[in-house]
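> have a look; sequence and predicted model below, questions after that.
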Amino acid sequence: GRRGRLVVLNKIDGLWDGLRDEARIDEEIDRQLRSVAETLDVPAGSVFPVSAQKGLVARIRDDGALLERSRLGALERALSEELLPTKQEIVRDGALGETGDLILQARELLGARLSGLREQLHELTDLRGKNQSVIEYMMRKIRSEKTEFEEGLQKYYAVRSVFSNLTNNLLAHLGMDMLRDETRRTREAMLESTFSKGLSAAMEGFFENLRGSLARSAGEIAEITRMLDSMYKRFSVEHGLKLAAPEAFSTLRYERELERLEAAFNRQINTALTLVTTEKHTLTQRFFETVAVQARRTFEVANRDVERWLRAVMSPLETQVREYQFQLKRRLESVKRIHQATDTLEERIAELEQAEAAMLAQLDELAGLEAAIHAVLGAPASGMSARSGGPVSCAA
């Protein structure tokens, strides 16, 4: 957002011309301050008019009146009292976001394991005093669930294949290879241009093609999101997996950054095209040292963000599928052993009860770690509890 941003207007001593009184000088400074705040879309309180040179002279001469007139003190107070705490808040929010994602994934995994344990425990408790035919029925039931899940896995593997193809397409539209090719094409077009119109067209084509790449990337992201949302819902409904909708991702911030770069290009470099004295190679070099470099940084950030998002949206589904497979296998093996030796039923129930208690302890420990992280970072507690209010209910 706009946190942690200060704007400094230097050289206000240029208005101290001896022809205007202090009131008129202050009015002019305030007018420029408001104009800059509106142009940059920042609060007026974040704009600081100063005279750095006069402030330095005042410090050397220990001239309090001149230091006050330089307004340097207000900027120094903002740096110490506003900028540093805001930076801490930004870092804290980032740390909370990262740890929050890890805690959520751990809680969902533990919740899935606890749910599987309780299902086994419920099944085995129901078998107390039952005959072999009931046990055989339970085996058939679990085998049927396993068969249904394996059929669902075929669809999951098909989705993984499509996801891989869409990911490759996305990275082709957004990747650095695309940007290098576009940069090389633009440079060649600019160097081959004879007139300023050709130079301008090459530069404008650079932005147009990058916007097109972002638009195609947005389409691939939307397709990936729709496909995963459908698969998440399928596995949630058909197999009871605890899966929230996949996190959304938008290319809007990168599109806005390109718009900002293009606006800067139109204000600065494009105006140089009207000057006869501007040499073509100099203009080309200036374009690639400023605008193209910034565009590269924008796409580097976009690549890093989208790769992190791709990992994040697939990880919960992969984890839950592996866990469900493991639980089905454990349930079938457990009932098989009981089928072969009914006297092991109570022993197995005791093992599952111990495992349940251990899982609840892990959830409590996770809640404690989350509370400790929030306490250390000075953030309010999330309100998530291992035994109540969380994604899994752990009531006995």
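In hand now; what should we look at? Numbering: from 1, shown residues only.
> how near is Arg348 to Met359?
According to C-beta to C-beta, to the nearest Å, Arg348 and Met359 sit 16 Å apart. C-betas here are computed from N, CA, C, even on glycine.
> more neighbours: the two, which one.
Neighbours per residue (other C-beta atoms under 10 Å) separate Arg348 from Met359, with Met359 holding more: 21 against 17.
> number of nearby residues for the closest residue to that one other than its chain neighbours?
Of all residues not flanking Met359 in the chain, Leu114 sits nearest, at 4.7 Å (C-beta to C-beta, 6 or more residues apart in numbering). Neighbourhood size, Leu114 [other C-beta under 10 Å]: 21.
> surely Leu114 is in contact with Ala358?
No. Under the criterion of C-beta atoms under 8 Å, Leu114 makes no contact with Ala358, lying 9.9 Å away.
> the residue nearest to Met359 - that's part of a helix, no?
Yes. Judged by DSSP: H, G, I helix; E, B strand; the rest coil, Leu114 forms part of a helix.
> got a pLDDT number for it?
Leu114 carries a pLDDT score of 87 in this model.
> next: Arg297.
At Arg297, the model reports a pLDDT of 89.
> residues near it, how many?
For Arg297, the neighbour count with other C-beta under 10 Å is 12.
> distance check, it against Glu136.
Look at Arg297 and Glu136: by C-beta to C-beta, they are 65 Å apart.
> so where's the longest helix in this protein?
helix 280-340 (DSSP state H).
> next one: that helix to chain centre, how far?
With C-alpha atoms, centre = their mean, to the nearest Å as the basis, helix 280-340 stands 11 Å off its chain's centre.
> same check, this time on stretch 241-261
On the basis of C-alpha atoms, centre = their mean, stretch 241-261 sits 8 Å off its chain's mean C-alpha point.
> contact partners of it?
With contacts defined as C-beta atoms under 8 Å, 6 or more residues apart in numbering, stretch 241-261 is touched by 108, 111-112, 115, 207, 210-211, 214, 217-218, 221, 225, 228-229, 232-233, 235-236, 291, 294-295, 298-299, 301-302, 305-306, 309, 312-313, 316-317, 320-321, 324, 391-392.
> of these, buried ones?
Among the contacts of stretch 241-261, those buried by neighbour count (16 or more other C-beta atoms under 10 Å) are 108, 111-112, 115, 207, 210, 214, 217-218, 221, 225, 228, 232, 235, 291, 294-295, 298-299, 302, 305-306, 309, 313, 316-317, 320-321, 324, 392.
> ranges for the strands of the stretch 151-300 of the chain?
Per DSSP state E, counting those that start in this stretch, the stretch 151-300 of the chain has no strands. Nothing in it meets that criterion.
> where does it have low pLDDT?
152, 194-196, 238-239, 243-244, 268-280 (pLDDT under 70).
> tell me the contacts of the closest residue to Thr183 other than its chain neighbours?
Leaving aside its chain neighbours, Thr183 sits nearest to Ala292 (5.8 Å; criterion: C-beta to C-beta, 6+ apart). Neighbour list for Ala292: Thr183, Thr186, Phe206 [criterion: C-beta under 8 Å, 6+ apart].
> tell me the one of these nearest Asn266?
Phe206 (12.8 Å; C-beta to C-beta).
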